[in-house]
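Kindly return the folded structure for what I paste below:
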Amino acid sequence: MKVVEQLYKRSRESNEETKTAHNAKAVKDLRARMNSDVEHVLKRVKVIKRKLEALERSNASHQKLPGCDPGSSADRTRTSVVSGLGNKLKDMMEDFLGLRAKDSRIQRNRGEDNLQ
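From the prediction side, this is the model:
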């Protein structure tokens, strides 16, 4: 998840740079880098999501072990950790999608300004 956080930070920085860039080539390069970051994030998120689903399946099978019944301390801990990671991933994706939407609005406005 750390890689996704780093890519989000890099995309946010690129987004800020596009606001101050006046050269069309520079803006185009920044947009290409942001699109590349989006592709990387989506790939990493798919991998993370599969790992979280595997952990959930592991938790279900772990409940069958003696002393790890549903509601036991070990079960609650495992469930809490997986749930927390899932929530963190969801929040990161919401932030990332919000940034993409904001960037799209800025680009659309910039395009309208160029047409006037």
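
Only C-alpha atoms from now on, for both contacts and neighbour counts.
OK.

could you say what helices and strands the helix or strand of the chain with the lowest mean pLDDT packs with?
One helix or strand of the chain scores below all others by mean pLDDT, DSSP states H and E: helix 73-115, with a mean of 83. On a contact count with 3 or more C-alpha pairs under 8 Å, 6 or more residues apart in numbering; DSSP states H and E, helix 73-115 meets helix 2-20, helix 24-62.

Work out the gap between that helix and the centre of the chain.
5 Å (C-alpha atoms, centre = their mean, to the nearest Å).

just stretch 62-72 next, same as before
With C-alpha atoms, centre = their mean, you get 32 Å for stretch 62-72.

Mind checking the pLDDT average for it?
Regarding stretch 62-72, the rounded mean pLDDT is 84.

So which residue is dead centre in this structure?
residue 93 (3.6 Å; C-alpha atoms, centre = their mean).

residues in contact with that residue?
Residue 93 is in contact with no residue at all, counting by C-alpha atoms under 8 Å, 6 or more residues apart in numbering.
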